[in-house]
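A.B. asks: Give me coordinates for this.
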Amino acid sequence: MKHAEDVIIRPIMTEKTYTAVSEGKYTFEVALNSTKVEIKNAVEELFNVKVLKVNTMRYDGKKKRVGVHQGYTKAWKKAIVMIDTNPATEKYLKKGGKETKKNKKYKTEIEEISSAFGSNN
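C.D. replies: Okay, the predicted model is just below:
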């Protein structure tokens, strides 16, 4: 199993991704070989939020040239993570059919990213 710090490389904060924050969508650069399940578990572990959905996109390296030398930029992977902005209590049945509720303390936003972007203005 991978560590959460190895899966999430950095947050991507642009104007477009910052407007999606109000909908509960956060964008990260992630490791190329990471899966959606690993990304979900890493975000939940690092930021203590409930992840509803993960969308991923792979970008191949672009061909670049400096003088006579040619090469490629690095390939990378982007993940858009949708978190639960209104976490409800979980209900389940115990032995004997008794219904119990469990309150999990999830955050409704990722403050570390929002505050980091706000300080750059």
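A.B. asks: count of neighbours near Val7?
C.D. replies: 22 (other C-beta atoms under 10 Å). All C-beta atoms are positioned from the backbone trio N, CA, C, and that covers glycine.
A.B. asks: Let me see the contact set for it.
C.D. replies: By C-beta atoms under 8 Å, 6 or more residues apart in numbering, the contact list for Val7 reads 30-31, 34, 38-39, 42.
A.B. asks: Around the nearest residue to it once chain neighbours are set aside, how many other residues sit close by?
C.D. replies: Among residues not flanking Val7 along the chain, Ala42 sits closest, at 4.0 Å (C-beta to C-beta, 6 or more residues apart in numbering). Other residues lying near Ala42 total 24 when counted by other C-beta under 10 Å.
A.B. asks: Next: the one 10 residues further on.
C.D. replies: Around Leu52 sit 14 other residues, with neighbours defined as other C-beta under 10 Å.
A.B. asks: Next: Ile39.
C.D. replies: Neighbour tally, Ile39, other C-beta under 10 Å: 24.
A.B. asks: State the distance from Asn55 to Tyr106.
C.D. replies: Noted for Asn55: a distance of 20 Å to Tyr106, by C-beta to C-beta, to the nearest Å.
A.B. asks: Ok, Lys77 next?
C.D. replies: In terms of C-beta to C-beta, Lys77 sits 25 Å off from Tyr106.
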